[in-house]
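Asks: coords please:
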Amino acid sequence: ETAWTRIAAEMDRQVLPDGSQVELTTGYHVGVLSMFQACGDLAKEAGFAPSDAYWQRLEKMYDYSACLTKPDGSQPMPGDSWPGSLRNLLVAGAKRYNRPDLLFIGTNGREGERPGYLDTAQRDAGYYVMRTGWTDDPQAIWVLCDVAHRWGGGHQHPDALQLDLFAYGATLLPDTGSYLYYGPGRAAASRTAAHNTVTIDGNNQNTSPCRLHSFASGRLLSFCDGEQSGSPGITNRRQVVLVRPAPGVIPYLLVVDRVRGEGRHAADQWFHFRPGPLAVEPARLAARTQATPGPNLLVQGLGAGAT
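Replies: Numbering: from 1, shown residues only. As a prediction, the model looks like this:
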């Protein structure tokens, strides 16, 4: 009885109302979900009845994983996370909770029912996803906007306002994930500059939470607007627009960073491409991947000198 009381209390302490585990890393989220599921099943076998609230919060953990799943079924890697597929996890959740939408995502559309929505907002965690589809359609686009509303502790990275981009069958702007847990490589992979976000004077961001201004979805556009005061006296506000594919329209992302504060500082935008050849044109503020076969990504600055 004492053990179960403590486990039930941990569900309330570790899992936010939107289903996200407090460390805000997908890898640890899946591990904690599996442990809470096993504990609940063992409690039932031992004669303890977990509350409806316990099972409902566990179901939200499955929802959270579903919302973050990329079109190829893989998980993004914010913080100390690692590559992996979420499909089997979602199939298990679908069977447990009789959820045809989870079954659709978990089976890559072969079974179940397609979710009646695309974009998702994990408002307690601060993760906002724009997408064009739920399966591995070769034209599918998926964008994760990290507007984290809390600091999740040692397994979270200083990566506020970063972007992850998956499109046309590949992750084009990845997160570094955990990479290493020990040694000099860990610091390099977890620093702010190792993520697709902005640094001020080359420093890591502090652990201040982000603030969301707006998240909206439409037939042709999706929009995310958030800010963080990641350096003393300095605030970066990032606005992201996904222009969705349509007849005669090539999809693209527009990313606007507005850095405000006093004094003279260096602000750098960072974009980390998947491994492969890269063509950089400093005069045009442009960089383009040159993978063969593709897909490829063009990042084009819109500042002075850009064409």
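Asks: in this protein, which helix is the longest?
Replies: helix 26-45 (DSSP state H).
Asks: partner residues bridging Gly226?
Replies: Leu212, Arg238 (DSSP bridges).
Asks: tell me how many other residues crowd it.
Replies: Number of residues near Gly226 (other Cβ atoms under 10 Å) recorded here: 24. Every C-beta, even on glycine, is put in place using the N, C-alpha and C of the backbone.
Asks: check whether it really touches Gln162, as I assumed.
Replies: No. Gly226 is beyond contact range of Gln162, at 10.9 Å (criterion: Cβ atoms under 8 Å).
Asks: follow-up on the earlier one: the longest helix of the chain - contacts with which helices or strands?
Replies: helix 2-14, helix 52-68, helix 87-97 (3 or more Cβ pairs under 8 Å, 6 or more residues apart in numbering; DSSP states H and E).
Asks: ranges for the helices of the stretch 151-300 of the chain?
Replies: 184-190 (DSSP state H, counting those that start in this stretch).
Asks: what about it, any weak spots by pLDDT?
Replies: Nowhere does the stretch 151-300 of the chain drop to pLDDT under 70.
Asks: switch to 80 and redo it
Replies: The model of the stretch 151-300 of the chain has pLDDT under 80 over residues 184.
Asks: strands along that one, start to end?
Replies: Along the stretch 151-300 of the chain, counting by DSSP state E, counting those that start in this stretch, strands occupy 163-167, 170-173, 198-200, 211-217, 221-231, 234-243, 252-261, 267-269, 278-281, 286-289, 298-300.
Asks: which pLDDT value goes with the nearest residue to Arg131 once chain neighbours are set aside?
Replies: Among residues not flanking Arg131 along the chain, Trp142 sits closest, at 4.6 Å (Cβ to Cβ, 6 or more residues apart in numbering). Looking at Trp142, its pLDDT reads 98.
Asks: beta partners of Trp142?
Replies: Note on Trp142: beta-bridge partners by DSSP bridges are Arg131, Phe166.
Asks: how much space separates it from Asp268?
Replies: Relative to Asp268, Trp142 is positioned 25 Å away (Cβ to Cβ, to the nearest Å).
Asks: of the two, which one has the most company?
Replies: When Trp142 and Asp268 are compared for neighbours, Trp142 comes out ahead with 24 against 12, by other Cβ under 10 Å.
Asks: wait, that one touches Gly73, no?
Replies: No. The pair Trp142 / Gly73 is not scored as a contact, 11.2 Å apart, by Cβ under 8 Å.
Asks: give me the contact list for stretch 270-280.
Replies: With Cβ atoms under 8 Å, 6 or more residues apart in numbering as the test, stretch 270-280 has contacts from 170-174, 176, 192-199, 286-291, 297, 299.
Asks: what residues of that stretch count as buried?
Replies: Neighbour-count burial for stretch 270-280 flags 272-274 (criterion: 16 or more other Cβ atoms under 10 Å).
Asks: name the nearest of the residues you listed relative to Asp137.
Replies: Using Cβ to Cβ, Arg274 comes nearest to Asp137 of the buried residues of stretch 270-280, at 19.4 Å.
Asks: tell me the contacts of Tyr128?
Replies: The neighbours of Tyr128, taking Cβ under 8 Å, 6+ apart as the test, are 119-122, 144-145, 147, 212, 215, 224.
Asks: what about it, which SS state?
Replies: Using DSSP: H, G, I helix; E, B strand; the rest coil, the structure places Tyr128 in strand.
Asks: for it, which non-adjacent residue is closest in space?
Replies: Distance criterion Cβ to Cβ, 6+ apart; nearest residue to Tyr128, sequence neighbours excluded, is Cys145 at 4.4 Å.
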